[in-house]
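**Q** Structure, please.
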Amino acid sequence: MLRNAGKYYSIPEMKELIAYCRQRHITLIPEIDMPGHSAAFKRAMGVDMQTEKGMKICKNILTELCRELNVPIVHIGGDEVKIVNKDFLPQMTALLQSLGKKVIAWDPGGSVPEGTWLQMWIGTAKPKDRFPAIDSRHLYLNHFDPLDGVAATFNHVIGDSPVGEEGKMGATLCNWPDRRVAKEEDLITMNAVYPVMLTFAERCWKGGGWKNYLSDIGIPGTDRYNAFVEFENRLLEHQSLYFKNLSFPYARQSNIEWHLLGPFDNKGITDLAFAPESASYMDTVQFMKHPSVYGGTIWLRHFWHPMIQSHLENTKDSTTYYAIRKIWSDKEGFKNCWIGFNDLSRSTATDSPPAGAWDEKGSAIWVNEKIIVPPLWKNAGQKGNAETPLTDEGYEYREPAKIFFNKGWNTVLIKAPVGAFKGKDWQNPVKWMFTMLEVEAE
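**A** Sure thing, here's the model as predicted:
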């Protein structure tokens, strides 16, 4: 990428930043990605990193970094690249170790010597003997829906171990929003940094956890659900005490119960209507086979299925589900609500929703039998581009929907259809999900 050309930190600025971190008991770890993600290096130096000349330049850079900056650990990357010089990463690791530094590399990645810390970034990665492990599996803010990000991180078992043990170095919560942002603050506001960060911090400090790659908060009466409710109470207390003027896209979700109706075979035609869309049916429906599910964001099928577990198992494509819940209101009036059906990752060039629709699947929502129209998207139907910033595609960073609620009980009906599970390209994964919750009364 060529954005922000010419911008860099000077050595004095880096020293100031390192000192700032140290005063707060934070260890700054520089990452100099090699030999991948290195197009800028080739443009500047005129050679590939893996050539003999490129290796000499890399060694000079690492030596200068270690001489100038007081950092105990250096991350050398090593992922997402074809390794054509098998000596590259071992030589860089040996150099840094000779300079008194611990070394981190990505896993999966290139071949590195024993003793190198491996930062696991893909769900299938496992801690390896003689390689200290850092856990970043399914801990990427740029892929999390805010509500499911808190739930999944709460469930996470750091390094596959509920307690600290030798060789388990902890975890790193990642934020790689590769898509350009209109302003730097969007790196925070679009990625639910603060609520997930607090969840992550507690899980790392306390250990425990329940099951990796699980966004379900459980059901009332279970230990996992009860523990989540207790944690959520404290999370919301932190929000009110310390984050009143900061972006904190989270609201209580443990009290939200959905009844799922379905499946209905739509034969790939996602705008087909089925019985739950009839008002009379909604009053007399027998909730078909499915126990209640709980939470503000419900995954019918995760876009990384089957690695990431969803609220339902064994779903089929060309299927429509409906979900229904009741909301009590002490008085009539408008409420602000978060509504979403496709939480766009902030790291892919995903297309914006089409005009007049919530998404490309034909999803819909009714409150008290009145259909809720989707937003007037600022970039409706725009083809995704990594250099085109997102604006209002996510419920957490656009104006909430204002919905009129009657005094007493109100009925919410969600329609969530899907055609094929395979997206039109890798930039547009099929996210079969929905979000609906009230965030505050007007």
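**Q** Need the three-state assignment for E80.
**A** Classification of E80 by DSSP: H, G, I helix; E, B strand; the rest coil places it in coil.
**Q** what about it, neighbour count?
**A** By the criterion of other CB atoms under 10 Å, E80 has 12 neighbours. (C-beta placed from N, C-alpha, C; glycine too.)
**Q** mind listing what the spatially most central residue of the chain touches?
**A** Nearest to the geometric centre of the chain sits F144, at 1.9 Å (CA atoms, centre = their mean). Neighbouring residues of F144 by CB atoms under 8 Å, 6 or more residues apart in numbering: A152, T153, N191, A192, V196.
**Q** pretty sure W304 is in contact with R137, am I right?
**A** No - using CB atoms under 8 Å as the test, W304 is too far from R137 to be in contact (10.9 Å).
**Q** Looking at those two, which is more packed in?
**A** Relative neighbour count places R137 above the other of W304 and R137, with 23 against 16, counting by other CB under 10 Å.
**Q** now the helices: where do they sit in the stretch 201-350 of the chain?
**A** For the stretch 201-350 of the chain, applying DSSP state H, counting those that start in this stretch gives helices covering 223-242, 279-284.
**Q** Select from these the stretch with the lowest mean pLDDT.
**A** Of all those, the minimum mean pLDDT falls on helix 279-284 (a mean of 72).
**Q** For stretch 412-429, list every residue counted as buried.
**A** V412, L413, I414, K415, A416, P417, V418, G419, F421, Q427, N428, P429 (16 or more other CB atoms under 10 Å).
**Q** Check stretch 384-394 too.
**A** Neighbour-count burial for stretch 384-394 flags G384, L390, D392, E393, G394 (criterion: 16+ other CB under 10 Å).
**Q** Assign the third one to helix, strand or coil.
**A** I take that to be D392. coil.
**Q** quick one, what contacts it?
**A** Taking CB under 8 Å, 6+ apart as the criterion, D392 is in contact with P375, W377, K378, R398, E399.
**Q** Common neighbours of W304 and R137, please.
**A** Contact with both W304 and R137 is made by residues G123, Y213, according to CB under 8 Å, 6+ apart.
**Q** Surely C337 and V439 touch.
**A** Yes - C337 lies in contact with V439 (CB under 8 Å); the separation is 6.7 Å.
**Q** the more surrounded of those two?
**A** When C337 and V439 are compared for neighbours, C337 comes out ahead with 23 against 17, by other CB under 10 Å.
**Q** Next up, the contacts around the more buried one.
**A** In this structure, C337 makes contact with P400, A401, K402, I403, M436, L437, E438, V439, judged by CB under 8 Å, 6+ apart.
**Q** since we're on N406, how many residues are nearby?
**A** By other CB under 10 Å, 14 other residues sit near N406.
**Q** For K331, which non-adjacent residue is closest in space?
**A** With CB to CB, 6 or more residues apart in numbering as the criterion, K331 has its nearest non-adjacent residue at 5.4 Å, and that residue is K407.
**Q** for the chain, what helix or strand is lowest in average pLDDT?
**A** Lowest by mean pLDDT, DSSP states H and E among the helices and strands of the chain is helix 279-284, with a mean of 72.
**Q** picking up where we left off before, please tell me the pLDDT value assigned to the residue nearest to K331.
**A** K407 is assigned a pLDDT of 98 by the prediction.
**Q** Isn't it up against W328?
**A** No - taking contacts as CB under 8 Å, K407 lies outside contact range of W328: 9.3 Å.
**Q** circling back: how close does the residue nearest to the centre of the chain get to M190?
**A** Distance, F144 to M190, using CB to CB, to the nearest Å: 11 Å.
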